[in-house]
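Can you look at this prediction? I've put the sequence above it.
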Amino acid sequence: MARRIGGYQVSKIFLQPGECLIGNDDSDCGALNGQVLYAPPYYECKVCYRQLYTETDIEGDTDSDFQPGAKDDTDGENEDDGESDTGAPVDALLPDDTPEEAMRRGVQKKLRQIIQELNDGEGDTDVYTSFFIENFDQIVDFYMLFTKYGPFQVFENIPDLKRKLLEVAIAYMMMEIKSVRFQLLAKVTGVTEQTLIRAGIEFIAIYKGEEYKQGAYLIEIYTPALRLGDNFIKPMQEVWANIIHPRGNIRQKVVAFIGAFARKSNVKMSIIDLAQASGLSRGSLSPKLKQYTTILENYFSQQEVLSSQ
């Protein structure tokens, strides 16, 4: 068996034809085609990361976390197989795991739980589950960059691993597919959309480093959400870099600026369009839109004067 991060790949078959846990065709189902990960005592589908089977101590022929122990003089019935105080699963440490590998395994387990929660939640969560499944390893790798084992070392012991992992996953999703709304994800997982987005943008800024220009980057992310073509991005970024901005929240400013620029370019863009696409309130966007409308009028008037000289 080849050693993999997150377990061993094995070729066992656990389901019968037509029994795929997420409704895939038999040919696409990992559990029906020997694409199974084994991280004792769990067997999980390599495609959807759902748990297929949990072996007993006898089957696994290995030491168990559930054996009677001298610490509590119990028979193991009440021992918890959940998470430790650090957010890592207590069953995460295999005999040859380093602390970094144990942390990674804990993150993998939590991401699988999030995927399961989304699968079980109400509404069309496929856009999130599909992205998380297809980018599973990349999201875990991205998360690890911000731990003490990565270059950024933003956090170590996480009181709420689920929330922090969601925030990092949202950052990755924003970068990869320019998503800017996460209403259903927030509803199912219980973490507010605005919390996810604010934290996601912070992680993007840390990841991008010194070359990161927040306003210009957010223009790139929010332009598709506002249904403007890519041909708008560079001109808006150039103007953004050459005007004096009002004070305030960066997302409010970027969305309002895009709206004002679109109107200046004779593209219809209502305050309702801006609010629905961004998740920001009309009350917060309206004054910023008026400010940027005036700023752009002055800017382009100055450009006309300069070009005529």
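Good, I have the coordinates.

Look up how far residue 22 lies from residue 117.
When distance is defined by CB to CB, to the nearest Å, residue 117 is 14 Å away from residue 22. For the C-beta atoms, the positions are set from N, CA and C on the backbone; glycine is no exception.

quick one: which of the two has more around it?
Regarding residue 117 and residue 22, a neighbour count based on other CB atoms under 10 Å identifies residue 22 as having more, with 19 against 15.

ok, that one touching residue 120?
No: if you go by CB atoms under 8 Å, residue 22 and residue 120 don't touch, sitting 11.4 Å apart.

Mutual contacts of the two, please.
Shared contacts of residue 22 and residue 120, defined by CB atoms under 8 Å, 6 or more residues apart in numbering, are absent.

outside of stretch 269-286, which residues touch it?
180-181, 183, 193-194, 197, 222, 225-227, 249, 251-252, 255-256, 258-259, 262-263, 289.

If any of those residues are buried, put those into a ChimeraX selection.
One line in ChimeraX is enough to select the buried ones among these; burial here means 16 or more other CB atoms under 10 Å:
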select :180,193,197,222,225,226,251,252,255,256,258,259,262,263,289
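
Just the ones of the contacts of stretch 269-286 in strands?
With DSSP state E as the criterion, strands contain none of the contacts of stretch 269-286.

element containing the residue nearest to the spatial centre of the chain?
Most central in the chain under CA atoms, centre = their mean is residue 169, positioned 1.5 Å from the mean C-alpha point. For residue 169, the host element (DSSP states H and E) is helix 161-177.

Pull that helix out as CSV, backbone CA atoms only.
Extracted C-alpha coordinates of helix 161-177, given in CSV (Å, rounded to 0.1, in the frame of the first residue of the first chain):
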residue,chain,number,x,y,z
LEU,A,161,-11.4,24.7,14.2
LYS,A,162,-14.5,24.5,12.2
ARG,A,163,-14.9,28.3,11.9
LYS,A,164,-11.2,28.9,11.2
LEU,A,165,-11.2,26.2,8.5
LEU,A,166,-14.3,27.7,6.9
GLU,A,167,-12.7,31.1,6.9
VAL,A,168,-9.5,29.8,5.2
ALA,A,169,-11.6,27.7,2.7
ILE,A,170,-13.6,30.9,1.8
ALA,A,171,-10.4,32.7,1.1
TYR,A,172,-9.3,29.9,-1.2
MET,A,173,-12.7,29.9,-2.9
MET,A,174,-12.6,33.7,-3.4
MET,A,175,-9.2,33.4,-5.0
GLU,A,176,-9.9,30.4,-7.2
ILE,A,177,-13.4,31.0,-8.5
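
Please spell out which residues along it are buried.
Neighbour counts over helix 161-177 (16+ other CB under 10 Å) mark 161-175 as buried.

counting contacts, what elements does that helix pack onto?
Applying 3 or more CB pairs under 8 Å, 6 or more residues apart in numbering; DSSP states H and E, we find helix 161-177 packed against helix 99-120, helix 126-134, helix 136-144, helix 183-189, helix 193-208.

Right, I'll leave it there.
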